[in-house]
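Engineer: show me the folded form of this:
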Amino acid sequence: ELSLRRALQKATSQSDSWFALGRALESQGLLAPAADAYQQAVDRQPANPAFHTTLARTLLSLGRFDQAWLENEWRLKSRPGAGPHRGRAPFTHSLDFSGKVVRLLAEPALADTFQFLRFAALIRATAKSVHLICPPGIAPLFRRSPGLDQINPTESDQIHPDLTCHLMSLPLTCGTRTDT
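Structural biologist: The predicted structure follows:
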């Protein structure tokens, strides 16, 4: 940590050094200073998804959800085929699911899919229908999940969604905060 701080005194524009400092601070359990260092890395290299997603994880640990969920969207930039160009329905960060057919996309990590699938029931309260797209091997695990009208192991031409959302984007989409 000390050598990184010395290097940064000489060249404060080094995004990789700020990121490495963040890692060193985080490994010591110093999350707030680590988040500050990660933010410095993001400020110096704003197009780097790894910097944003690492900042997001740290902000989540600190309970700073508003900024964390926004930063977390950068995970999609590092995942091939996950961005807004996939599928026919627009991706959304809208709170209005009223009367709409909503397509939810499972996350690559099974634990994340389980964690964020709980939002399906909240969406289904106003949506016309909610469909989950997930790998065939895990589709049976979600048969009894509240809020799902249909589980599709692959994208189907039979579904004509009005909106599409990744499961891990739902906290941002639904405006999740510590008091909700």
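
Engineer: from here on, just use CA atoms for contacts and neighbour counts.
Structural biologist: OK.

Engineer: which element is A34 on?
Structural biologist: For A34, the host element (DSSP states H and E) is helix 31-44.

Engineer: next structured bit after that helix?
Structural biologist: Next element after helix 31-44 (DSSP H and E): helix 49-62.

Engineer: got the buried residues for the next helix or strand after that next one?
Structural biologist: In the C-terminal direction, the helix or strand that comes right after helix 49-62 (DSSP H and E) is helix 65-72. The neighbour-count check on helix 65-72 (16 or more other CA atoms under 10 Å) flags F65, D66, A68, W69, L70, E71, N72 as buried.

Engineer: outside of the helix holding A34, which residues touch it?
Structural biologist: Residues external to helix 31-44 that are found in contact with it (CA atoms under 8 Å, 6 or more residues apart in numbering): 13-19, 21-26, 48, 51-52, 54-55, 58-59, 61-62.

Engineer: show me which positions of that helix end up buried.
Structural biologist: Applying 16+ other CA under 10 Å to helix 31-44 flags L31, A32, A34, A35, D36, A37, Y38, Q39, Q40, A41, V42, R44 as buried.

Engineer: put the alpha carbons of it into PDB.
Structural biologist: Taking Å, rounded to 0.1, in the frame of the first residue of the first chain, the C-alpha atoms of helix 31-44 are listed here in PDB:
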ATOM      1  CA  LEU A  31     -13.700  -0.400   2.300                       C
ATOM      2  CA  ALA A  32     -14.400   3.300   2.300                       C
ATOM      3  CA  PRO A  33     -10.900   4.300   1.300                       C
ATOM      4  CA  ALA A  34     -10.900   1.400  -1.200                       C
ATOM      5  CA  ALA A  35     -14.000   2.800  -2.800                       C
ATOM      6  CA  ASP A  36     -12.400   6.200  -3.000                       C
ATOM      7  CA  ALA A  37      -9.400   4.700  -4.800                       C
ATOM      8  CA  TYR A  38     -11.600   2.700  -7.200                       C
ATOM      9  CA  GLN A  39     -13.500   6.000  -7.900                       C
ATOM     10  CA  GLN A  40     -10.200   7.600  -8.700                       C
ATOM     11  CA  ALA A  41      -9.400   4.800 -11.200                       C
ATOM     12  CA  VAL A  42     -12.900   5.200 -12.800                       C
ATOM     13  CA  ASP A  43     -12.400   8.900 -13.000                       C
ATOM     14  CA  ARG A  44      -9.100   8.400 -14.900                       C
END
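
Engineer: count of neighbours near W74?
Structural biologist: For W74, the count of nearby residues is 20 (other CA atoms under 10 Å).

Engineer: ok, now which ones touch the nearest residue to it once chain neighbours are set aside?
Structural biologist: Among residues not flanking W74 along the chain, P49 sits closest, at 5.2 Å (CA to CA, 6 or more residues apart in numbering). Neighbour list for P49: W74, R75, K77, S78 [criterion: CA under 8 Å, 6+ apart].
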